[in-house]
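*Asks:* starting from these lines, generate the structure:
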Amino acid sequence: MILGAIGSATVNTVSAILFYLNTHTILTLSICNVCNMIFQPMGSLCCVKINSAWYNKQERGVSSGVMGVCIGLGTFFALVGGGFVLR
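*Replies:* Predicted structure coming up:
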């Protein structure tokens, strides 16, 4: 989990520096996004453990589904909204 947090923070810092220095390209941001998507799921195991303590067996699937939809919508809005911001 620590590796995922440190890796994700590092990749996000690199992409912020690329934007700040105005040296970002589609390739560099794509590489940063791929690396970020590798590191972020490393923290998902602790979420499963927390959900198992908070919810009953019958509610776990629903809460995981809601969280999955929220993550998917967040990714969608970040990509679509980012396109509008960059224009």
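
*Asks:* following the chain onward from the helix or strand hosting Ser52, which element is next?
*Replies:* With elements taken from DSSP states H and E, the one containing Ser52 is helix 44-54. Heading C-terminal from helix 44-54, the first helix or strand you meet, by DSSP H and E, is helix 57-86.

*Asks:* pull out the buried residues from that next one.
*Replies:* Neighbour counts using 16 or more other C-beta atoms under 10 Å place no residue of helix 57-86 among the buried ones. Backbone N, C-alpha and C define where each C-beta goes, glycine included.

*Asks:* which residues touch the residue positioned nearest the centre of the chain?
*Replies:* When the chain is reduced to its mean C-alpha position, the nearest residue by C-alpha atoms, centre = their mean turns out to be Gln40, at 5.5 Å. For Gln40, the residues meeting the contact criterion (C-beta atoms under 8 Å, 6 or more residues apart in numbering) are 4, 8.

*Asks:* need the per-residue pLDDT for it.
*Replies:* For Gln40, the pLDDT comes out at 80.

*Asks:* next, give phi and psi for it.
*Replies:* When quoted as degrees, to the nearest 10, the phi and psi of Gln40 stand at phi -60, psi -40.

*Asks:* flag the shaky bits of this protein, pLDDT-wise.
*Replies:* Residues of the chain that meet the criterion pLDDT under 70 lie in 44-49, 51.

*Asks:* break it down into its structural domains.
*Replies:* Split into domains by automatic domain parsing, the chain comes to 1-43, 55-87.

*Asks:* now Tyr15: closest residue in space, sequence neighbours ignored.
*Replies:* Quick fix: residue 15 reads Ser, not Tyr. In space, Ser15 comes closest to Cys32 once its chain neighbours are excluded; the distance is 4.2 Å by C-beta to C-beta, 6 or more residues apart in numbering.

*Asks:* and what about the one you found, helix, strand or coil?
*Replies:* helix (DSSP: H, G, I helix; E, B strand; the rest coil).

*Asks:* quick one: contacts for it?
*Replies:* In this structure, Cys32 makes contact with 11-12, 14-15, 18, judged by C-beta under 8 Å, 6+ apart.

*Asks:* at 7 Å instead, please
*Replies:* Cys32 makes contact with 11, 14-15, according to C-beta atoms under 7 Å, 6 or more residues apart in numbering.

*Asks:* alright, that wraps it up for me.
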